[in-house]
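K.L.:
pasting the sequence and the predicted model now:
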Amino acid sequence: MNTSTSTETNDVRESILANGQRIIAGKGFSAVGINEILTASGVPKGSFYHYFGSKDAFGEALLESYFENYLADIDATLSAPGLNMAQRLMNYWKNWQDTQSFFDCQGKCLAVKLGAEVADLSETMRLALKRGTAGITDRLTRAIEAGMAEGSLSVDGTPDDAAKSLYQLWLGASVMVKIARNTQPFETAMMTTQKILHLSP
């Protein structure tokens, strides 16, 4: 395959994934048909199975692409210059609050949107979610360890337990924000986060 064909193939695949992420983040995985995604991508239906063997395989690729970008964003936030680790972590949660709300998240809330829905529907997608969320909590653990080492924060118990508790707290808050249709659950989560990390409000 020559380079231009390879690039074109990759561009089409990325277009399907990007449109799929945006549409599925709004409607959920089960409610969206392949045709809707392909129409938005300007790709004929027969081409879908050239890139993805099934809707499940598409869902797995979608989650892998989502987490690859999400983890790159976390890495950038947690290595921002001129800040201590406590400030970087709080910026991560502020960014979460800005991108995971009940308003149109433009595909940025995929883990929150699909977590409960697909875990029981697709083992391959459940495992993709498990790998992706483990990547998040691993980064949070290392950030908490670094913050403890520099003295900008502290936790009761292990950094790993604190990281998992914080991630679960914010996942739950994201669901409650969608139910309540206001951001109060995020405000509560922010206060709880400050207490867990022993930070002043």
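P.N.:
Nice, thanks for sending it over.

K.L.:
hey, let's count contacts and neighbours off CA atoms from now on
P.N.:
Will do.

K.L.:
what helices or strands is the longest helix along the chain leaning on?
P.N.:
In the chain, taking DSSP state H as the definition, the longest helix is helix 123-150. Applying 3 or more C-alpha pairs under 8 Å, 6 or more residues apart in numbering; DSSP states H and E, we find helix 123-150 packed against helix 55-77, helix 85-99, helix 110-119, helix 159-180.

K.L.:
make a markdown table out of those helices and add mean pLDDT.
P.N.:
Shown next, in a markdown table, are these (pLDDT from 0 to 100):
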| stretch | mean pLDDT |
| --- | --- |
| helix 55-77 | 94 |
| helix 85-99 | 94 |
| helix 110-119 | 80 |
| helix 159-180 | 94 |
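
K.L.:
relative to Ala134, which of those is closest?
P.N.:
Among these, the nearest to Ala134 by C-alpha to C-alpha is helix 159-180 (9.0 Å).

K.L.:
what angle do helix 110-119 and that closest one make with each other?
P.N.:
Interaxial angle, helix 159-180 versus helix 110-119 (axes from the mean of the first three to the mean of the last three C-alpha atoms, to 10 degrees): 90 degrees.

K.L.:
next one: helix 159-180 to chain centre, how far?
P.N.:
Centroid displacement of helix 159-180 relative to its chain, using C-alpha atoms, centre = their mean, to the nearest Å, is 12 Å.

K.L.:
in it, what counts as buried?
P.N.:
Across helix 159-180, burial judged by 16 or more other C-alpha atoms under 10 Å covers 159-160, 162-164, 166-167, 169-171, 173-178.

K.L.:
stretch 58-78 too?
P.N.:
Quick answer for stretch 58-78 (16+ other C-alpha under 10 Å): 58-67, 70-71, 74-75, 77-78.

K.L.:
hey, C-alpha coordinates of that stretch in CSV?
P.N.:
C-alpha atoms of stretch 58-78 as CSV (Å, rounded to 0.1, in the frame of the first residue of the first chain):
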residue,chain,number,x,y,z
PHE,A,58,-15.9,-0.3,16.4
GLY,A,59,-16.9,0.4,20.0
GLU,A,60,-13.6,-1.0,21.3
ALA,A,61,-11.6,1.1,18.8
LEU,A,62,-13.7,4.1,19.7
LEU,A,63,-12.9,3.7,23.4
GLU,A,64,-9.2,3.1,22.7
SER,A,65,-9.0,6.3,20.6
TYR,A,66,-10.9,8.2,23.3
PHE,A,67,-8.7,7.1,26.1
GLU,A,68,-5.5,7.7,24.1
ASN,A,69,-6.5,11.4,23.7
TYR,A,70,-7.8,11.6,27.3
LEU,A,71,-4.6,10.3,28.8
ALA,A,72,-2.5,12.6,26.6
ASP,A,73,-4.6,15.5,28.0
ILE,A,74,-4.1,14.3,31.6
ASP,A,75,-0.3,14.0,31.0
ALA,A,76,-0.3,17.6,29.8
THR,A,77,-2.3,18.9,32.8
LEU,A,78,-0.2,17.0,35.3
